[in-house]
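Enquirer: Below: sequence and its predicted model.
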Amino acid sequence: MKVSILIPTYNSSKTIGETIESVLNQEDFDNFEISLSDDGSKDDTRELLKKYKEKYPEKIRLHFNEENMGVVRNSISGFESVESEYIFSMGHDDRFLPDMLATEVYFLEAHKEYNACYSKAKIFLEEQNKFSGDLIGSDGCSFKDLLIHNNIPSLSCCIRTSVVKDYLKEIDPLSKNWTLEDYPLWLYTAATGRIKFLDEVHSIYRITGGSVMHKNGDDDIEMLQNVLDMKLFFAEKYARDDDAKQDFERLCNEGFSYEMANHYLYEDDMENFREYLKKSPKSLKVTLKYLFSLTAPTRKFLKSREQY
């Protein structure tokens, strides 16, 4: 197979059908497999996956974990099993638009100098059952850019399998206790090669109450600290000298300050918000100051839509 689309599942029966169908309905590209790894679902997800396997035996590959491994371990297990040339990884509730595979795979086929490419995604609000009218995914995919902020939606990125295998071997992410499976891979890819942003929309990201992007409170702070530790690891590993290391660490800490200011703004903790705003990168202060000018109910509404 040319392409593997990895889809980790857990209690996904309500949305997994839409997700699988969105891949099966790709136009102008047919050389792919869908690899689904179920992490101990308690609903009827596995029964649905078996039906798809029966209907599309050459397209669907199934793996059922005997016990729950968690999102990160389940995803990395999928990476380890891939034998195709390219990989996509999408959530069990996300969707591809019909031109996703053809657009991104053919780009990488024609541009060997890039190890990965990604595009924008439309946001679908599960609770409101409608599109928000906004997009995720933006330019800014150099190593320095990514030390500040992750601009790459996981579901919209196509990456060479050889890069993923090198990442697993060299970094050994399971030994690091990181809470995200995709962000460290993007940092490794940017540090060791080039990533291309395609200013186009080719996928749909669904926001639910349980989305990683949608956490709040103490869990949010704990995750942000974990992400900072992860970024500092890459900053130290790929710095050419002490000056570069200091510059990389500064970017990591500025990005952390932005994320913390964002968090405290949502919590209406203005004292901590102002403190972290001072330390945020200039390029992102405009966004924070704009949000600060809004009323608290409006900020909460925007936060629920993941617009910052």
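Expert: Good, I have the coordinates.

Enquirer: Show the low-confidence segments of the stretch 101-250 of the chain, by residue range.
Expert: 209-217 (pLDDT under 70).

Enquirer: ok, which stretches of it are strands?
Expert: 116-125, 130-136, 157-160, 195-207 (DSSP state E, counting those that start in this stretch).

Enquirer: and Cys252, what are its phi and psi?
Expert: The phi/psi pair for Cys252 (degrees, to the nearest 10) reads phi -60, psi -50.

Enquirer: returning to what we had before: of the strands of the stretch 101-250 of the chain, which stretch is the most buried?
Expert: Ranked by mean neighbour count, the strands of the stretch 101-250 of the chain are led by strand 157-160 with a mean of 24 (mean count of other C-beta atoms under 10 Å). Where C-beta positions appear, they are placed from N, C-alpha and C, glycine not excepted.

Enquirer: just to revisit the earlier point, can I get the strands of the stretch 101-250 of the chain in a markdown table with distance to Asp218?
Expert: Converted to a markdown table, the strands of the stretch 101-250 of the chain look like this (distance: least, C-beta to C-beta, whole Å):
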| stretch | distance to Asp218 |
| --- | --- |
| strand 116-125 | 25 |
| strand 130-136 | 25 |
| strand 157-160 | 30 |
| strand 195-207 | 21 |
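
Enquirer: Relative to Leu187, which of these is closest?
Expert: strand 195-207 (10.3 Å; C-beta to C-beta).

Enquirer: related to what we said a few turns ago, looking at the strands of the stretch 101-250 of the chain, spot the one closest to Pro98.
Expert: strand 195-207 (8.9 Å).

Enquirer: Direction included, what does that closest one pair against?
Expert: strand 95-96 (antiparallel), strand 116-125 (parallel) (DSSP bridges).

Enquirer: any chance of these in JSON lines, with distance to Glu200 too?
Expert: Formatted as JSON lines, the strands paired with strand 195-207 follow (distance: least, C-beta to C-beta, whole Å):
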{"stretch": "strand 95-96", "distance to Glu200": "13"}
{"stretch": "strand 116-125", "distance to Glu200": "5"}
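
Enquirer: Quick one: closest of those to Pro8.
Expert: strand 95-96 (15.5 Å).

Enquirer: hang on, the earlier thing: so for Glu259, which of the strands of the stretch 101-250 of the chain sits nearest?
Expert: strand 130-136 (15.5 Å).

Enquirer: any idea of the angle the closest one forms with strand 195-207?
Expert: On the basis of axes from the mean of the first three to the mean of the last three C-alpha atoms, to 10 degrees, strand 130-136 is oriented at 160 degrees to strand 195-207.

Enquirer: Partner strands of strand 130-136, with direction?
Expert: Using DSSP bridges, the strands paired with strand 130-136 are strand 116-125 (antiparallel).

Enquirer: coming back round to it: so which of the strands of the stretch 101-250 of the chain is nearest Asp182?
Expert: Closest among the strands of the stretch 101-250 of the chain, using C-beta to C-beta: strand 157-160, at 7.7 Å.

Enquirer: Counting by contacts, list what that closest one packs against.
Expert: strand 86-89, helix 100-110, strand 116-125, helix 183-192 (3 or more C-beta pairs under 8 Å, 6 or more residues apart in numbering; DSSP states H and E).

Enquirer: How far does that strand sit from its chain's centre?
Expert: Strand 157-160 has its C-alpha centroid displaced from the chain centroid by 12 Å (C-alpha atoms, centre = their mean, to the nearest Å).

Enquirer: Can you tell me the closest non-neighbouring residue to the residue most central in space within the chain?
Expert: By C-alpha atoms, centre = their mean, the mean C-alpha position of the chain lies nearest to Ser154, the distance being 3.0 Å. Closest residue to Ser154 apart from its sequence neighbours, by C-beta to C-beta, 6 or more residues apart in numbering: Asp182 at 4.1 Å.

Enquirer: quick one: contacts for that neighbour?
Expert: Ser75, Ser89, Ile152, Ser154, Cys157 (C-beta atoms under 8 Å, 6 or more residues apart in numbering).

Enquirer: Contacts only, for Cys157.
Expert: So Cys157 contacts Phe88, Ser89, Ala116, Cys117, Tyr118, Asp182, Trp186 (C-beta under 8 Å, 6+ apart).

Enquirer: Recalculate using a threshold of 6 Å.
Expert: Ala116, Tyr118 (C-beta atoms under 6 Å, 6 or more residues apart in numbering).
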